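# here is my input; please provide its structure:
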Amino acid sequence: MDPRRANRLRHPVARLYAEYVWGYVAAIRRAPLSRSDRRACYRYLAQWLAGRAVPVAGRVLRGENLRAWESTSAEQAAICLDAVVAGRERRPA
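I've put the predicted structure just below:
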């Protein structure tokens, strides 16, 4: 949501995800935990990542569109912009 990161060439999505995950890794490393608790946290983080990576990888391998909002359908094309955007309703003269 940071407008400074809007440039896709300088801040690609993969890098943002990596920074997000690295934040969790750094938090686990800094936390005052025992070795077994720290290993459990890393294991849980790995399971969480795998649970999200497997469906995405499957869609990529099948050649499906990863962004559902980019696909167009007849229902989406029928939506009037004036009905959706506030302040754009037509006022009688």
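# where does Tyr20 sit, in terms of helix or strand?
Remark: Tyr20 resides in helix 13-30, with elements defined by DSSP states H and E.
# same check on Leu49?
Using DSSP H and E, Leu49 falls in helix 35-62.
# now do that helix against helix 13-30: the angle between them, please.
Following axes from the mean of the first three to the mean of the last three Cα atoms, to 10 degrees, one obtains 170 degrees for the angle between helix 35-62 and helix 13-30.
# which secondary element of the chain has the worst mean pLDDT?
Here the helix or strand of the chain ranked lowest by mean pLDDT, DSSP states H and E is helix 74-77, holding a mean of 54.
# quick check, pLDDT for Arg10.
Arg10 carries a pLDDT score of 64 in this model.
# then Glu70?
At Glu70, the pLDDT recorded in the model is 50.
# with Ala53 instead?
Note on Ala53: pLDDT of 77.
# count the neighbours of it for me.
Using other Cβ atoms under 10 Å, Ala53 has 11 neighbouring residues. Backbone N, C-alpha and C define where each C-beta goes, glycine included.
# where's it relative to Val21, distance?
11 Å (Cβ to Cβ, to the nearest Å).
# swap in Val54?
Applying Cβ to Cβ to Val54 and Val21 gives a distance of 15 Å.
# the closest residue to Arg38 other than its chain neighbours and Ala83: what is the separation?
Residue nearest to Arg38 in three dimensions, not counting chain neighbours: Ile28, with 6.2 Å by Cβ to Cβ, 6 or more residues apart in numbering. Ile28 sits at a distance of 47 Å from Ala83 (criterion: Cβ to Cβ).
# of these two, which one has the most company?
Neighbours were counted for Ile28 and for Ala83 using other Cβ under 10 Å; Ile28 has more, 17 against 9.
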